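> Sequence and predicted structure below; questions after.
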Amino acid sequence: MSGADGALAGKRIGFVGGGAMAEALAGGLLAAGVPPESVRVSDVAPERRAHLERTLGVRATDDNADVTRHSDVVVLAVKPAVVEEALASIAADASVDLTRPLWISIAAGVPLARLERALADRARIVRAMPNTPALVRAAATAYCANARADAADLAVAGALFQGVGVTWEAPEEALLDAVTGLSGSGPAYVFLLLEALVAAGEREGLPHDAAHRLACQTALGAAQLALGSERSPAELREQVTSPGGTTLAGLQRLDALGFREALGEAVAAATRRSKELGSS
């Protein structure tokens, strides 16, 4: 069942902020069968509004309150530093009922408590942490809701993010910091891995184009294999590691250099930073 036939059926969906992530989510909605006339986007940049109208066929405006007034679901897709400013511009319009729509925030590091303070006491809010592969509909998104949101609201949020990848409903908000450290920041770790693999291939004599293509396809294929297999990543690693073979030689060198520990420290550091940003 597509999102348009299920939890999103008949929903009018607005985006406050029309950046790349909002565009990806809106594109996922359209692909799921939500009609373009049911989607509105606000953005301060005229060129961005023109781009969204031209490429997606949705209505774009510079009026945040207008988007909210005409939406059943409002996705807050502005930068974290301007969340309060954007919400204040909406609250200033007396014709807007802040308690009517479901609010879904993808503003990184902005906790539910901060959103609740900026919205009405009875506002239903879902906080989500998607990652940048949403741009190619391969995102990993975790989300959780405040006490006012119900199961139907969570179903709407799940359907929205399933249009651009896989989802996980976090049982508590505190886990979103770890999500940020793992999958939110994770694409950068993978890009760094790819960068290093390409450079290593070039040092061993491969042309740049070949090293780039082989490295990217290897990462993609390994991830698809892990997702589609009943075996754990450890079991899959052991399956391709022959005694005395080339893979074992490479893995032993990675272990000697602290590869696992470095990744663990990266996730821990990003998690700590997410907690710091959320408490500021």
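Okay, I see it. Numbers count the residues shown, from 1 in each chain.

> helix or strand for the residue lying farthest from the centre of the chain, which one?
In the chain, the greatest distance from the average C-alpha position (Cα atoms, centre = their mean) is reached by Gly244, at 41.0 Å. Gly244 is part of no helix or strand when elements are defined by DSSP states H and E.

> confidence score at the nearest residue to Lys79 once chain neighbours are set aside?
The spatially closest residue to Lys79, leaving aside those adjacent along the chain, is Ala107, at 7.1 Å (Cβ to Cβ, 6 or more residues apart in numbering). The C-beta positions use only the backbone N, C-alpha and C, and glycine is treated the same way. According to the model's per-residue confidence, Ala107 sits at a pLDDT of 92.

> Run through the residues that contact Ala107.
Taking Cβ atoms under 8 Å, 6 or more residues apart in numbering as the definition of contact, the neighbours of Ala107 are Leu76, Ala77, Val78, Lys79, Pro80, Val83.

> between those residues, which is closest to Leu257?
Nearest to Leu257 among those is Pro80, at 35.0 Å by Cβ to Cβ.

> Out of the contacts of Ala107, list just those in strands.
Assignment to strands by DSSP state E places the following of the contacts of Ala107 there: Leu76.

> Please pick the buried ones from the contacts of Ala107.
Those of the contacts of Ala107 that meet the buried threshold are Leu76, Ala77, Val78, Pro80, Val83, by 16 or more other Cβ atoms under 10 Å.

> can you list the residues that contact the helix or strand encompassing Arg273?
Assignment of secondary structure by DSSP H and E places Arg273 within helix 259-279. Contacting residues not belonging to helix 259-279 are listed as 80, 108-111, 114, 176-178, 180-182, 184-185, 189, 254 [Cβ under 8 Å, 6+ apart].

> Please spell out which residues along it are buried.
In terms of neighbour count (16+ other Cβ under 10 Å), helix 259-279 has its buried residues at Ala266, Val267, Ala270, Thr271, Ser274, Lys275, Gly278.

> how close does the second one sit to Ala134?
Applying Cβ to Cβ, to the nearest Å, one obtains 20 Å for the distance of Val267 from Ala134.

> The fourth one now?
For Thr271, the distance to Ala134 (Cβ to Cβ) stands at 21 Å.

> what do you get for the fifth one?
Computed with Cβ to Cβ, the distance linking Ser274 and Ala134 is 18 Å.
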